[in-house]
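This is a predicted model, with the sequence first.
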Amino acid sequence: PGVPCAPEPPTGASSVPLAMAEPAPDIDLFRAGPVRYLGYSNEVGEAFRPLVPRWCVNASYGLAGCYVVTDAAWRAQAPPGGRSAAAEAADTLMWQGLASIALPGAVINRVVWAAGKALPPPSRIPTLCGLAAIPVIVRPIDHLVDGLLDSTVRKWL
């Protein structure tokens, strides 16, 4: 029955047409999706600092900086709950600057430095230690920066 050659719906399929289904929740691509990892490109650069030319590390910071500015511009397009675009952009620049560039870069730099001091040169192990630390530090730093901004500048934005 129905349209010739049209496939039958699978057994147990929802009777609600797709157009009437509930919309998917908004996902913040810059903070929840895989694009978020572009903000950590400088951490990869820091991990590879002992093995690559300085311009490679600098380029990784440039990529992370582009990510931060793009996120701020994106979020300023539709600020939540009556917040001004300028306040949203400022909040995003501060959050991303701390959570994606400054704090993780410093942590990975020190992890690689400490591993390098503990091992005889030349060694690739400091780079591996730096890379291994990246997924471990992401959430704690994000939460730290949220708390810091919530208790300070977000009160006035």
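Okay, I see it. Just so it is clear, the model here is predicted, and its values are computed rather than measured.

Other residues contacting stretch 91-100?
The contact list for stretch 91-100, computed with C-beta atoms under 8 Å, 6 or more residues apart in numbering, reads 39-40, 42, 64, 67-69, 71-72, 75-76, 141-142, 144-146, 148-149, 153-154, 157. (Each C-beta comes from the backbone N, C-alpha and C, glycine too.)

Can you read off the pLDDT for Asp71?
Asp71 carries a pLDDT value of 94.

Name the nearest residue to it, sequence neighbours excluded.
Ranked by C-beta to C-beta, 6 or more residues apart in numbering and with sequence neighbours excluded, the top spatial neighbour of Asp71 is Phe30, at 4.0 Å.

number of nearby residues for that neighbour?
For Phe30, the neighbour count with other C-beta atoms under 10 Å is 20.

Next, it: secondary structure please.
Local secondary structure at Phe30 is given as coil here, using DSSP: H, G, I helix; E, B strand; the rest coil.

all helices in this structure, in order from the N-terminus.
41-47, 54-77, 85-96, 103-118, 125-150 (DSSP state H).

For the contacts of stretch 91-100, I'd like a selection string for ChimeraX - just the buried members, please.
Listed next is the ChimeraX selection for buried residues among the contacts of stretch 91-100, using 16 or more other C-beta atoms under 10 Å:
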select :39,40,42,64,67,68,71,72,75,76,141,142,145,148,149
